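Chemist: Starting from these lines, generate the structure:
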Amino acid sequence: MKNLSWFNKAMFFFNIVLTVLTFLAYILPFLAPKLFPILSVLTLILPFMLILNLLFFIYWGIQMKRQILLSSLVLLMGITFINKFYKFSSTDLPPSDNDFTVMSYNVRLFNLYKWIERDDVPELIANFINDKNPDILCIQEYSEGKIDLRAYKHKYVLMKGDKTLTGQAIFSKFPIVGRGDIVFPNSNNNAVYADIKRGKDTIRVYNMHLQSIKITPDVHELNEDINELSEQKSKKMIKRMSEAFKEQQEQAEIIMNHKKNSKLPEIICGDMNNSAFSFVYRSIRGKLNDAFEEAGSGFGKSYDFKYYPARIDYIFADKKMQVKNFESYPDFVNSDHFPVMARLAFEN
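Modeler: Here you go, the predicted structure:
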């Protein structure tokens, strides 16, 4: 420190603060949000913190300063997190007769309230689904009667709400031999499941929609630039997100308890409204494969957030299944979410 200029001393101080926050973010996926709900916000910006650590690594490396060791240690420990944020190469194994495809898509009520200033959004979504032709389709924020998916002989749709009916839907080309819903107390969110018979195999497919952390400002704030939010609004937003993290933990626990009663191979799809660095992600994924990590590429962006390539929609597949391909469709902008789809096959 004695040999550092005053500027480098200030830089090293910020480097230390960043290191502490990054280590906290590393630990938080293993700690229940109820214990530290405000700190859980750090898991949302972990990739950004890793990028800052990389910039510090470059900064100290150019000057050949031993302070580079701090950033080196942080980055080495963060290697396991990189695949959750960005994949450098994809997997696309040859198709076979044993393959089947699963799509998950939060359709935002098929643009019921004209968030997108077009009248043909339902038609575009229907055309997209028909073109991709998934064998199993999980839809969140479904609105009955907006599109007609005739390719699917089997479906389970659960609609709830007072003024506006919204729901979860599972469409399948294979027979549904069991179904049900999972209630989240004091919430408009929920999960549904369907036991789907495919040949000799029966698969339990969960379609979940967890509590929103409301990353995007409320409707009356949408025209404000994010940098112009007042301190009071920022505190309000952080508090709102903290409460949502606690609710998500409760909802994840309910899903996990429900899973214990099933011995069927599982697929879990849906809008988790949280990052892959969170406690909720770690809890729900459990020992399942994250289809993006197994076969995706790039950021796997699934939410239309202006400032960040957010991945909050997931397809988790049982270890008995091989993930042969994964795609996200960030160019298909007809909701605030983007569709994600995986091609799966049971291991021989």
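Chemist: Now do the one helix or strand residue 157 maps to: which elements does it pack against?
Modeler: Here residue 157, judged by DSSP states H and E, is contained in strand 154-160. Under the contact criterion of 3 or more C-beta pairs under 8 Å, 6 or more residues apart in numbering; DSSP states H and E, strand 154-160 touches strand 166-172, strand 176-183, strand 190-198. Glycine gets a C-beta too; all of them are placed from N, C-alpha and C.
Chemist: from the chain's centre, how far out does the first one sit?
Modeler: Spelled out, it's strand 166-172. In terms of C-alpha atoms, centre = their mean, to the nearest Å, the centre of strand 166-172 is set 18 Å apart from its chain centre.
Chemist: Quick one: residues contacting the residue positioned nearest the centre of the chain.
Modeler: Nearest to the centroid of the C-alpha atoms of the chain, with distances taken as C-alpha atoms, centre = their mean, sits residue 312, at 1.8 Å. Residues counted as contacts of residue 312 (C-beta atoms under 8 Å, 6 or more residues apart in numbering) are 271, 272, 273, 274, 275, 302, 303, 337.
Chemist: how much space between the closest residue to the second one other than its chain neighbours and residue 330?
Modeler: On the basis of C-beta to C-beta, 6 or more residues apart in numbering, the spatially nearest residue to residue 272 that is not a chain neighbour turns out to be residue 210, at 5.2 Å. Plainly put, residue 210 is 21 Å away from residue 330 if you go by C-beta to C-beta, to the nearest Å.
Chemist: between these two, which one's more packed in?
Modeler: More crowded of residue 210 and residue 330, by other C-beta atoms under 10 Å: residue 210, with 27 against 16.
Chemist: can you give me the helices in the stretch 151-300 of the chain?
Modeler: Assigned by DSSP state H, counting those that start in this stretch, the helices in the stretch 151-300 of the chain fall at 231-259, 279-285, 291-295.
Chemist: If you could redo that for the stretch 1-150 of the chain, that was the one I meant.
Modeler: Using DSSP H, counting those that start in this stretch, the helices of the stretch 1-150 of the chain run over 6-27, 46-63, 68-77, 79-85, 108-111, 121-132.
Chemist: hmm, who's touching the strand holding residue 157?
Modeler: By C-beta under 8 Å, 6+ apart, strand 154-160 touches 142, 144, 149, 165-176, 179, 181, 188, 190, 192, 194, 196.
Chemist: Check which residues of that strand are buried.
Modeler: Neighbour counts using 16 or more other C-beta atoms under 10 Å place 154, 156, 158 of strand 154-160 among the buried residues.
Chemist: And for the residue nearest to the centre of the chain, nearest residue in space, chain neighbours not counted?
Modeler: In space, residue 312 is closest to residue 303, 5.1 Å off (C-beta to C-beta, 6+ apart).
Chemist: low-scoring pLDDT stretches of the stretch 1-150 of the chain, where are they?
Modeler: In the predicted model, the stretch 1-150 of the chain carries pLDDT under 70 at residues 1-2.
Chemist: residues touching residue 174, list them.
Modeler: Counted by C-beta under 8 Å, 6+ apart, residue 174 has contacts 100, 135, 136, 154, 196, 197, 198.
Chemist: Correction: the previous question concerned residue 191.
Modeler: 168, 181, 182, 184, 206, 207, 208, 209, 251, 255, 270.
Chemist: can I get the helices of the stretch 1-150 of the chain in CSV with distance to residue 234 and mean neighbour count?
Modeler: Shown next, in CSV, are those (distance: least, C-beta to C-beta, whole Å; neighbours: other C-beta atoms under 10 Å):
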stretch, distance to residue 234, mean neighbour count
helix 6-27, 17, 15
helix 46-63, 17, 17
helix 68-77, 26, 16
helix 79-85, 25, 15
helix 108-111, 26, 21
helix 121-132, 32, 17
